[in-house]
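[1] Provided below for reference: sequence and predicted model.
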Protein chains: 2
Amino acid sequence: MSAPDAYIETLCSSAREAAGVLARSDSDSKNAALVAAAEAIQDAEREILTANAADLERTRLADALHERLMLNPERVAQMAEGLRQIAQLPDPVGRSFGWSARPSGIEVGRMRVPLGVIGIIYESRPNVTADAAGLCVKSGNAVILRGGSEALNSNLAIAGALQAGLRAAGLPDAAVQVMSRVERDLVGVLIGSPDHLDLIIPRGGAELVARVQDEARVPVLSHRHGICHLYIDSAADEAMAVNLALNSKTRRYAVCNALETLLLDEAKAHLLGPITEAMRSRGVEVRGCERCLERDPALAPALEQDWSSEYLGPVLSVRIVSDFDAAVEHIERYGSQHTDAIVTEDAGRADEFLRRVDSSSVLVNASTGFADGFEYGLGAEIGISTDKLHARGPVGLEGLTSCKYVVRGRGQVRP
Amino acid sequence: MSAPDAYIETLCSSAREAAGVLARSDSDSKNAALVAAAEAIQDAEREILTANAADLERTRLADALHERLMLNPERVAQMAEGLRQIAQLPDPVGRSFGWSARPSGIEVGRMRVPLGVIGIIYESRPNVTADAAGLCVKSGNAVILRGGSEALNSNLAIAGALQAGLRAAGLPDAAVQVMSRVERDLVGVLIGSPDHLDLIIPRGGAELVARVQDEARVPVLSHRHGICHLYIDSAADEAMAVNLALNSKTRRYAVCNALETLLLDEAKAHLLGPITEAMRSRGVEVRGCERCLERDPALAPALEQDWSSEYLGPVLSVRIVSDFDAAVEHIERYGSQHTDAIVTEDAGRADEFLRRVDSSSVLVNASTGFADGFEYGLGAEIGISTDKLHARGPVGLEGLTSCKYVVRGRGQVRP
């Protein structure tokens, strides 16, 4: 066995063993570990910030990346608070539900169980280490974390505090492991066998996700890009429409649920002026389709590639569409099945939009910014799945579990 | 583009288009197609039997395989009846559920949607063509069926009738396609891109499943082997225990939920005699552990490999275990996480077994033979998933769908 293989085998077999212990642990032990981990993170504030300073110094990052990597006392406190909040969420594991009596006399239900060992590959933000580990521990899974090499010292310091919390609650510290070796080919070995992992979650750029999907021999829960649309229907409340467009675009630019393309029903084409003005006043560049340019020749033109661009910045493409069907067809053709919304007072068209648009979140008369695990009541999210299998949309604790069938009989045999 | 690639592209793009139509179809259209397909199968009985006769003649099969491949008027009628039953099941698609009002004022629910295009690879039994296609159409998915080459004529004749049913209901016949070319490398192309399929379901031997898992670049729902256990606890009702052991083992031998290993608590070791006698009277060979041999030196010895063997035939391995924990440990070590059962009158131990044993079906005081979609109330099953992601255990219509989040607001924006 070559050295990388041996390293991964050791990592995974100790994770597998820890997963067995976690799966049998009751909620009290898991919650105690999370609360103890929160305390340990607070206690280790100085060590964590020192490690983070080393990371920041070692790498010369562009400002945006520096901002993502940087920790301060407030961010350390947020990580600890996040763990305490996860401790307070209901434990999905071991709950049985959906019992029904069958004609044979048996009673059939289902029970939630952990998945086993989960791998997470992510970039830059060290707080993911605490958040993701907290969700995995609470859902009874062991986790192997592979953060960006630029954040290695920070991630190891945070994981050390998490492991102290696990030990304090009598749980194995191999339940949370950060990969201390960051050679690229190790990832290939990690995701190359179902014996290593039960699930891999890539969180990062399109290139990372594509590589994981291509190389993985284990199930993948992908978090891909969001080309999100807001369609202003002919029956829209106009003030609401302008307000929702603004909030969906400008609340935050770099998030996957930010608005990228506004579809304007031709019956509401007169809203182009007010919307363009409002966007410009916030510093957003508007790029219009040909029909938009006819109305406002000063607009920048939207090219074909604009319709499939995730700007993640202060740019908005606008298209005037002839009707509801044209709007849905545009979304089907150019969208990424992430998050799409309609503004309308017509209940029938709202229903039809909810049913026809095949995206992980479909909204009526609400900002695309609501597509988020916390806003949906999941408590916290490990990511937003753009896959259709297993979990779709924001993924919380339930998405990190599976269900088995449980049957109670009184000696029934099958004829 | 090489010829195999072009063939698969054509197959998949017409399936993708049909999936779009199916996803928008209401229940009445889909049910009408299923009922019309049932009639078309009955009307085509002669053509189907002629095609089947050609398959049977072309291949010289062992008796068991001949029996699996062979159709007769009764089996044709069963296929038609199966489609009528699927038409009567509730339609999972478009139903929304789990609505809750959030502090922000938005209401969040979920809605079931089809997966898209599903591939199914299977062997021998031509009835799978009708059953699987029926479940896919009802759940709003297009399906590409790749049966065994030995059944090609039969499968094409059945698919022809199914397509006539689709046309009669105004639905695209590309919703159900049988691969008419059976070169082996075509499967690799089919499962090699997420653009082709949203899900691949391999139904067949271990070699087929392993090959699909290794080559697939799309999600896989596997149906693997069942090494099923029945543990007779120290608190078992003895008559019930013997009865359940017999039914679990002898109801049918070649099914994945058949009993393979009986675990006998040492407090119930005296049941070895009656059980061995009952099994022998049904022609079942019993192989015992060392402690069994001490009690009955005439028994055949169970070797290490017996504990991980799926006999699928009239053989049973028996092990005397010292207690509940030893039974669970044996199942963890040798089982295949398919179906495992306990016989006990101790409610606490029953609960602990249900919780601790990590198999797709876990039963208390009931035959392992109940692990089946029809017995569980799913109406019909496309297979039994031994995976943990997406669907686990018997998979019916719901397992062929995904859920999106649906949100209704009144203009709410996110701060």
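    Perfect, I can see it now. Residues are numbered from 1 along each chain as shown, chains lettered A, B, ... in the order given.

[2] where do the helices sit along the stretch 101-250 of chain A?
    A:127-138, A:152-168, A:184-190, A:206-215, A:238-250 (DSSP state H, counting those that start in this stretch).

[3] which strands or helices does the third one pack on?
    Applying 3 or more C-beta pairs under 8 Å, 6 or more residues apart in numbering or on different chains; DSSP states H and E, one finds that helix A:184-190 makes contact with helix A:3-24, strand A:142-146, helix A:206-215. Heads up, the C-betas are built off the backbone N, CA and C, glycines and all.

[4] returning to that earlier point: tell me which of the helices of the stretch 101-250 of chain A sits most buried.
    For the helices of the stretch 101-250 of chain A, the largest average neighbour count (mean count of other C-beta atoms under 10 Å in any protein chain shown) is found in helix A:127-138, namely a mean of 26.

[5] list the contacts for the closest residue to residue A:186 other than its chain neighbours?
    Using C-beta to C-beta, 6 or more residues apart in numbering or on different chains and skipping residues adjacent in sequence, the residue nearest residue A:186 is residue A:4, 5.3 Å away. Shown in contact with residue A:4 (C-beta atoms under 8 Å, 6 or more residues apart in numbering or on different chains): A:181, A:183, A:185, A:186, A:189.

[6] which strands and helices lie in contact with the host helix or strand of residue A:263?
    Per DSSP states H and E: residue A:263 is located in strand A:259-265. Under the contact criterion of 3+ C-beta pairs under 8 Å, 6+ apart, strand A:259-265 touches strand A:228-232, helix A:238-250, helix A:272-281, strand A:315-321, helix A:324-334.

[7] about what we covered before: for residue A:214, see how far away the residue nearest to residue A:186 is.
    Per C-beta to C-beta, to the nearest Å, residue A:4 is found 19 Å from residue A:214.

[8] make JSON lines out of the helices and strands packed on helix A:184-190 and add mean pLDDT.
    Output for the helices and strands packed on helix A:184-190, formatted as JSON lines (pLDDT from 0 to 100):
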{"stretch": "helix A:3-24", "mean pLDDT": "94"}
{"stretch": "strand A:142-146", "mean pLDDT": "97"}
{"stretch": "helix A:206-215", "mean pLDDT": "88"}
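
[9] does residue A:227 touch residue A:305 like I think?
    No: when contacts are counted by C-beta atoms under 8 Å, residue A:227 is not listed as touching residue A:305 (11.6 Å).

[10] mind listing the strands in the stretch 301-415 of chain A by residue range?
    Under the criterion DSSP state E, counting those that start in this stretch, the stretch 301-415 of chain A contains strands at A:315-321, A:339-343, A:361-366, A:383-385, A:393-395, A:401-412.

[11] what does the second one rub up against?
    Identification of contacts with strand A:339-343 by C-beta under 8 Å, 6+ apart yields A:226, A:228-233, A:236-237, A:240-241, A:244, A:248, A:256-257, A:327, A:331, A:349-350, A:353, A:357, A:359-368, A:371.

[12] tell me the gap between it and the middle of its chain.
    Strand A:339-343 sits 19 Å away from the centroid of its parent chain (C-alpha atoms, centre = their mean, to the nearest Å).

[13] now swap in stretch A:342-350 and tell me
    For stretch A:342-350, the distance to the chain centre is 28 Å (C-alpha atoms, centre = their mean).

[14] measure that stretch end to end?
    7 Å (C-alpha to C-alpha, to the nearest Å).

[15] what residues of it count as buried?
    A:342, A:343, A:344, A:349, A:350 (16 or more other C-beta atoms under 10 Å in any protein chain shown).

[16] chain B versus residue A:279, what's the distance?
    In this view, residue A:279 and chain B are 15 Å apart by C-beta to the nearest C-beta, to the nearest Å.

[17] what's across from the closest residue in space to that residue that isn't next to it in sequence in the sheet?
    Nearest non-adjacent residue to residue A:279, counting by C-beta to C-beta, 6+ apart: residue A:286, 5.3 Å away. Judged by DSSP bridges, the bridge partners of residue A:286 are residue A:316.

[18] which of the helices and strands packed on helix A:184-190 is buried the deepest?
    It is strand A:142-146: most buried of those by mean count of other C-beta under 10 Å, with a mean of 27.

[19] what pairs with that strand, parallel or antiparallel?
    In the sheet, strand A:142-146 lines up with strand A:117-121 (parallel), strand A:176-178 (parallel) (DSSP bridges).

[20] next secondary structure after the helix or strand of chain A with the lowest mean pLDDT?
    Least confident helix or strand of chain A, by mean pLDDT, DSSP states H and E, is helix A:63-69 with a mean of 80. Of the helices and strands lying after helix A:63-69 in sequence (DSSP H and E), the nearest is helix A:73-88.

[21] still on that earlier bit, looking at the strands of the stretch 301-415 of chain A, which is buried most?
    Most buried among those, counting by mean count of other C-beta under 10 Å: strand A:339-343, with a mean of 30.

[22] partner strands of it and their direction?
    strand A:228-232 (parallel), strand A:361-366 (parallel).

[23] tell me the mean pLDDT over the last one?
    Here the mean pLDDT over strand A:361-366 is 98, rounded to a whole number.

[24] what do you get for the shortest one?
    If you average the pLDDT over strand A:228-232, you get 98.

[25] quick one: that strand to strand A:315-321, angle?
    40 degrees (axes from the mean of the first three to the mean of the last three C-alpha atoms, to 10 degrees).

[26] for strand A:228-232, output the C-alpha coordinates as CSV.
    Taking Å, rounded to 0.1, in the frame of the first residue of the first chain, the C-alpha atoms of strand A:228-232 are listed here in CSV:
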residue,chain,number,x,y,z
CYS,A,228,-31.6,32.7,-10.2
HIS,A,229,-34.6,34.4,-11.9
LEU,A,230,-37.4,36.7,-10.8
TYR,A,231,-40.3,36.8,-13.2
ILE,A,232,-42.6,39.9,-12.9
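
[27] what does it contact?
    A:241, A:244-245, A:248, A:256-265, A:268, A:271, A:321, A:324, A:327-328, A:330-331, A:335, A:338-343, A:353, A:368, A:371.

[28] one more time with 7 Å, if that's ok
    The list of residues contacting strand A:228-232 from outside it, by C-beta atoms under 7 Å, 6 or more residues apart in numbering or on different chains, reads A:241, A:244-245, A:248, A:257-265, A:268, A:271, A:327, A:331, A:335, A:338-343, A:368.

[29] over to stretch A:275-292?
    A:242, A:245-246, A:249-250, A:262, A:272, A:296, A:299-302, A:306, A:314-320.

[30] now the helices and strands packed on strand A:259-265 in CSV, with distance to residue A:63?
    As requested, these are exported to CSV (distance: least, C-beta to C-beta, whole Å):
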stretch, distance to residue A:63
strand A:228-232, 26
helix A:238-250, 20
helix A:272-281, 24
strand A:315-321, 19
helix A:324-334, 31
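
[31] how close does residue A:180 sit to chain B?
    On the measure of C-beta to the nearest C-beta, residue A:180 and chain B end up 28 Å apart.

[32] which non-adjacent residue is nearest that residue?
    For residue A:180, the spatially nearest residue (C-beta to C-beta, 6+ apart) is residue A:156, at 6.3 Å.

[33] wait, isn't that neighbour in contact with residue A:181?
    No: Residue A:156 is not in contact with residue A:181 according to C-beta atoms under 7 Å; the separation is 11.3 Å.

[34] what sits against residue A:251?
    Contacts of residue A:251 by C-beta under 7 Å, 6+ apart are A:369, B:414.

[35] make that residue A:141, sorry
    If you count contacts by C-beta under 7 Å, 6+ apart, then residue A:141 has A:19, A:22, A:114, A:115, A:116, A:117, A:118, A:400 around it.

[36] can you pick the most crowded of these?
    residue A:117 (31 neighbours; other C-beta atoms under 10 Å in any protein chain shown).
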